[in-house]
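Q: structure here, sequence nowhere to be found:
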Ligand SMILES: NC(=O)N[C@@H](O)C(=O)O
């Protein structure tokens, strides 16, 4: 079955089942200086080992997801550089089940703008992010350690089962699908 869903703006409330959102707070900055405002600490990454950084170039392609990965023992910080990206995520039903498949009916897709970041929670299923418009480069940061099972394998991708897939944005780039979603 092919599930079709809409892309959602990234808010703390909407993303809460999947992790945390890093964005400019609405309260006054606790540190300021001549020409700068600083908010610290707006959130924390829960780690016990050194952090590894990864870079992904994600290319314009059909908005279709057929498999996801997850990291059951590690949170993951993810942010884009200069282009908007779309991050598909799905709920983790049982973090202790090594044979779990992501459930296509729980997939949600969030639009991450430059200047925003997410912390994907432990066990939360995710695909690589997609570029909203043009090819994009994004970064992720995650503890460099073996996970409890699975996700250090060369191929960590797990399909939805039953041949399910998830499409979003009507197969068009977001600007073509819904111009009101730009900025
Ligand atoms: N998020 C992403 O694109 N990749 C990472 O989750 C990874 O572990 O490779």
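A: Arrived safely, thanks for sending. Please read all numbers here as calculations on a predicted model, not as lab measurements. Numbers count the residues shown, from 1 in each chain.

Q: so which residues on the chain come close to the ligand?
A: 54, 56, 76, 78, 126, 128, 140 (Cβ under 6 Å from any ligand atom). Just so you know, the C-beta spots here come from the backbone N, C-alpha and C atoms, and that holds for glycine as well.

Q: right, and out of these, which lies closest to residue 23?
A: residue 78 (13.4 Å; Cβ to Cβ).

Q: thought that closest one was touching residue 124?
A: No - the pair residue 78 / residue 124 is not scored as a contact, 11.2 Å apart, by Cβ atoms under 8 Å.

Q: can you pull out the low-pLDDT segments for the protein?
A: 150-152, 170-183 (pLDDT under 70).

Q: need the residue closest to the centroid of it.
A: residue 87 (4.2 Å; Cα atoms, centre = their mean).

Q: hey, what's it bridged with?
A: Bridge pairing for residue 87 (DSSP bridges) gives the partners residue 110.

Q: and it, how far from residue 96?
A: 25 Å (Cβ to Cβ, to the nearest Å).

Q: also residue 67?
A: The value you get for residue 67 to residue 96, if Cβ to Cβ is used, is 21 Å.

Q: more neighbours, the two?
A: residue 67 (15 against 10; other Cβ atoms under 10 Å).

Q: if I pick the more buried one, what's in contact with it?
A: 102, 127, 157, 158, 159, 160 (Cβ atoms under 8 Å, 6 or more residues apart in numbering).

Q: quick one on the thing from earlier: please list only the buried members of the residues of the chain next to the ligand.
A: Buried subset of the residues of the chain next to the ligand (neighbour count, 16 or more other Cβ atoms under 10 Å): 76, 78, 126, 140.

Q: if we take those residues, which one ends up nearest to the ligand?
A: Nearest to the ligand out of those is residue 140 (Cβ to the nearest ligand atom; 4.7 Å).

Q: in its sheet, which strands sit next to the helix or strand hosting the closest one, and in what direction?
A: According to DSSP states H and E, residue 140 maps onto strand 136-143. Using DSSP bridges, the strands paired with strand 136-143 are strand 51-58 (antiparallel), strand 76-80 (antiparallel).

Q: what does the longest one rub up against?
A: Contacts with strand 51-58, where a contact means Cβ under 8 Å, 6+ apart, come from 45, 85, 128-131, 135-144.

Q: report the buried residues of it.
A: Counting neighbours by 16+ other Cβ under 10 Å, the buried set in strand 51-58 is residue 58.

Q: right, and the helix or strand after it?
A: strand 64-65.

Q: what helices and strands are in contact with that next one?
A: strand 165-168 (3 or more Cβ pairs under 8 Å, 6 or more residues apart in numbering; DSSP states H and E).

Q: which helices and strands does the strand it packs on pack with?
A: strand 2-5, strand 64-65, strand 85-90.

Q: neighbouring strands for the second one, and are they parallel or not?
A: Going back to what we said before, that points to strand 64-65. For strand 64-65, pairing defined by DSSP bridges yields strand 165-168 (antiparallel).
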